[in-house]
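Novice: All I have is the shape, not the residue letters:
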């Protein structure tokens, strides 16, 4: 009976190890596939030289596989004027990808949707610095309403 119990324990341990190994490889494959889809997409993130959360947002974009350039500037107003982002729609950094802007700590789901669908809009954004978004620590406390802009007109792009 003792041998049977030991054998069962060994089988469970080996099975768990095999399962973990397979699951881990599947996760690695998903990570590699995701990064292959994003590796040729260049992002430029404009941020204040003193902003730490913007650097964390850039790190998350790099982790997702994007080719990220961070430009620290004391003149964020010029960037926002160029993309026609009014004060009440601003956050702490502005990302530029191709012809789009991404204002603030926009969650990855919205960024991926934008870059996959390539809609006829100027950009998307999430005003302020909401807790729980990429680069901002803490748990999500409410839905995030990401806006879209078309020729200075704003509407909801996605609620996450």
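Specialist: Cool, the structure landed. All values reported here derive from a predicted model rather than from experimental measurement.

Novice: And stretch 63-81, how far out from the chain middle?
Specialist: Chain-centre distance of stretch 63-81: 14 Å, with CA atoms, centre = their mean, to the nearest Å.

Novice: Report the buried residues of it.
Specialist: 64-66, 68, 70, 76, 79-80 (16 or more other CB atoms under 10 Å). Where C-beta positions appear, they are placed from N, C-alpha and C, glycine not excepted.

Novice: now those residues in a markdown table, with secondary structure, distance to residue 87 and pLDDT?
Specialist: Shown next, in a markdown table, are these (DSSP: H, G, I helix; E, B strand; the rest coil; distance: CB to CB, whole Å; pLDDT from 0 to 100):
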| residue | secondary structure | distance to residue 87 | pLDDT |
| --- | --- | --- | --- |
| 64 | coil | 29 | 94 |
| 65 | coil | 33 | 95 |
| 66 | coil | 27 | 96 |
| 68 | strand | 26 | 97 |
| 70 | strand | 23 | 97 |
| 76 | helix | 11 | 95 |
| 79 | helix | 13 | 94 |
| 80 | helix | 8 | 95 |
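
Novice: Helix or strand: which one has residue 9?
Specialist: Element membership of residue 9 [criterion: DSSP states H and E] is helix 2-38.

Novice: which residues touch residue 95?
Specialist: 43-46, 57, 61, 101-103, 106 (CB atoms under 8 Å, 6 or more residues apart in numbering).

Novice: Just these: which are in strands?
Specialist: Members of those lying in strands (criterion: DSSP state E): 43-46, 101-103.

Novice: Of the contacts of residue 95, which is the most crowded?
Specialist: Counting by other CB atoms under 10 Å, residue 57 has the largest number of neighbours within these, with 28 neighbours.

Novice: can I assume it is in contact with residue 107?
Specialist: No. Taking contacts as CB atoms under 8 Å, residue 57 lies outside contact range of residue 107: 10.5 Å.
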